[in-house]
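Visitor: Compute the structure for the input listed below.
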Amino acid sequence: MASVVELTYYPVKGCAGTSVGEALLTPAGLAHDRTFMVVGEEGVGRTQRRDPRLALIRPTISADGGRLTLHAPEFEALELRVDTASVRRKVELFGAVHQGIDQGDAAADWFSEVLRAPSRLVRVPPEHDRVTDGRIPGTSAYADSCALHVVSRTTLDLLDRKLAERGLPPLPMNRFRPNIVVDGWDEPHTEDRAHRLRIGDTELGYAKLALRCAVTLVDQGTGRRAGPEPLRTLAGYRRATGGGIAYGTKYAVLRTGRLSVGDTAHVTSWGESEL
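Guide: Model (predicted):
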């Protein structure tokens, strides 16, 4: 029987995640997931595509979301009182314009120093009403698209076998930065076909395949690009019909609630893979 073996949320888009034993699932995904984003001088969101050093930053956030603490190797930690009330400013994520609440000069100076580029930190406003795409629309904060990203252990096992055939070492799951990792499905990429999932007292609805980018090339422990893998190997067997390389699945939230590591992942509706 398939079950959840990892739950991870990423308080600051592009930065390290926080793994937990249980989490509240909101309409926008796991609580606190990607509620903050680092932007450049023009308000454009920074991601590991161009700023792989984001991976070195480990944010922690209080349960009520009121305090954010930032850690990075060789830098003094910075604790912030989260501002949800100040003037909104325009920010841009993949060409789409959203609103953000600037978190002040101390945060800006800290990120600018760590990333070696002028930066500021913004938080998604409480009234954020983004609509995400896919077969089932939903919402999210500053995630690339949908509320949740799910990958199975069996899916990673297949990739690792293919890497081994080329004489290459296995990759950790964090290269793919999922929110939920499921173990116990017999077939790799079962998540492609699991179109309704019930976990704990929550329900997820399939939105689309996750198309992969250069972030998967970044070693999450060092903040450095580590070569052509896994995209080179994935290109040999995971090219999507509409273009791109698909690995993992994006879901919208159909029912909120709590979910925990160890919860059974019940597939209540199956469909064909879009690959």
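Visitor: So Gly45 is in contact with Arg34, correct?
Guide: No. Counting by C-beta atoms under 8 Å, Gly45 sits too far from Arg34 to count as a contact (10.2 Å). For every residue, glycine as well, the C-beta is placed using N, CA and C.
Visitor: which one of those two has more residues nearby?
Guide: Arg34 (24 against 21; other C-beta atoms under 10 Å).
Visitor: which stretches of the stretch 151-275 of the chain form strands?
Guide: Remark: strands assigned in the stretch 151-275 of the chain by DSSP state E, counting those that start in this stretch are 180-183, 194-199, 202-211, 218-219, 224-225, 246-255, 257-260, 265-270.
Visitor: In TSV, list the ones you listed along with mean pLDDT, mean neighbour count and distance to Thr155.
Guide: Listed next are those as TSV, based on pLDDT from 0 to 100; neighbours: other C-beta atoms under 10 Å; distance: least, C-beta to C-beta, whole Å:
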stretch	mean pLDDT	mean neighbour count	distance to Thr155
strand 180-183	98	24	9
strand 194-199	98	22	12
strand 202-211	98	22	11
strand 218-219	97	20	19
strand 224-225	94	14	23
strand 246-255	98	23	7
strand 257-260	97	16	20
strand 265-270	98	15	13
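Visitor: how close does the residue lying closest to Glu191 once chain neighbours are set aside get to Arg258?
Guide: Take Glu191 and drop its neighbours on the chain: the residue closest to it by C-beta to C-beta, 6 or more residues apart in numbering is Thr249, 4.2 Å away. Using C-beta to C-beta, to the nearest Å, Thr249 is found at 21 Å from Arg258.
Visitor: can you check Thr18 too?
Guide: When Thr18 is compared with Arg258 (using C-beta to C-beta), they lie 16 Å apart.
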